Structure formats: C-alpha cells, structure tokens
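My questions are about this predicted structure, shown below with the sequence.
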Amino acid sequence: MRHDILIDGYNVIKNNEPFRSAQKHGLPHTRNLLIRQLISRYRHTPHQVTVVFDGDGAHEQITHEQSVRIIFSRRGETADHVIARLAVQAREQGREVETYSNDLEVRQSVTESGGATRSTHQLTRQLNAPPSDVGRKFEHRQKAIRSYGLYPHLKDWDEEASYRPPRKGKKSRRK
C-alpha cells in the first residue's frame, strides 16, 4: 500500500552519529548524503518520500531528486509545521502517513492526525540495512555452513554471528 513518508531532515542529521560525523564536510554535504540514502532506500517503492528542512527563503522551496521530494520551509515557518501540515493533508486524502522525527511536537501532531511516528534511529537503521534479498542470502548461507559442518572451529555459531576467519600465524583460542 502506498503511503507518505515524512522525514524531519535536520532532526535526523542532529540525532544520528553517521550524519553528525559527516557535518565536518559541511551541512550541504550532510543534507545531500541523507537525500542520497533516502533515494537509494526508497527508489523501488511506491511511497511518496518527503524530507523537510528548516529554510529561510521568502517562499517554501520544493524540489525533487528522483523519488524524493525535498522541502525547505519558508522564513518564519519551521519544518515541524510543514510536516504537521503535510500529515494532515495526506490523511484527509486517505493516505497512510509515517513520520521519522524525535521531536515530540512533530510526533504528537502527526499522531493526532492519525499518522504513525518512528524515531530517527529507526530510519538510519533502515537506511543502513542490506536489501532484503541480500539478508535472505546471508541467512541461507549461515544455515548451510552450520548444516554441512563447515568451519568446525566455530562450534558456538549462532543466528546473528558473522564469520571471521582466524588470523594467519595465530592459533584460535576457541576450544
């Protein structure tokens, strides 16, 4: 089902380490990094993805990069207010809304309009997750390794372990 995904851009950047670290290259670089990751994550989905930033222009600025709509609020209006307005409009048109922000005011206004809220950490986890087919292949490979008894030095292999071959020249401490 198609739904609107609304992202509080600066809130994501401010609250997640990968983006905070990228700020040493400047805020425009960090915004572009977030937008590129959103494009990559949502390019093959039917969802309308909108990332909203605080702006200072006389008018709201709206651009599109591939499948992502980018909005800079007008001077005197916060990104929070734009997100709340977009959530209400989407719900009035019968679309589901999912918002990513840690801002309590944003979360409350979206919830009141009937939308779902998620944390910025949940978004960055999704952005950094492998595609589902890669995850399935990895899990299948792990099961095959266990069932065929490959790598016998890994006796305590579990579902979430990742294989690291022993270093050459050193004996493994596992018994």
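All right, it came through fine. Numbering: from 1, shown residues only.

Do you know the pLDDT at the spatially most central residue of the chain?
Taking CA atoms, centre = their mean, the centroid of the chain lies closest to residue 123, which sits 2.9 Å from it. We have a pLDDT of 93 for residue 123.

Am I right that it is in contact with residue 100?
Yes - the pair residue 123 / residue 100 is scored as a contact, 4.1 Å apart, by CB atoms under 8 Å. Any C-beta I mention is one placed from the backbone N, CA and C, and that applies to glycine too.

overlap in contacts of the two?
Residues touching both residue 123 and residue 100 by CB atoms under 8 Å, 6 or more residues apart in numbering: 7, 12.

separation between the residue nearest to the centre of the chain and residue 148?
38 Å (CB to CB, to the nearest Å).

Got the domain ranges for this protein?
According to automatic domain parsing, the chain comprises the domains 3-128, 130-164.

Single out the most deeply packed of those.
Of all the domains of the chain, domain 3-128 carries the top mean neighbour count, a mean of 17, counting by mean count of other CB atoms under 10 Å.

start to end distance for that domain?
One end of domain 3-128 to the other measures 21 Å (CA to CA, to the nearest Å).

what about it, distance to the chain center?
How far domain 3-128 lies from its chain's middle: 10 Å, per CA atoms, centre = their mean, to the nearest Å.

returning to what we had before: which of the domains of the chain comes out lowest on mean pLDDT?
Note on the domains of the chain: lowest mean pLDDT is at domain 130-164, with a mean of 66.

Then residue 99 would be within a helix, right?
No - assessed with DSSP: H, G, I helix; E, B strand; the rest coil, residue 99 is strand; it does not lie in a helix.

Residue 108 is in contact with that one, correct?
No - the criterion here is CB under 8 Å, and residue 99 misses it with residue 108 at 10.7 Å.

what do the two both touch?
Counting by CB under 8 Å, 6+ apart, nothing touches both residue 99 and residue 108.
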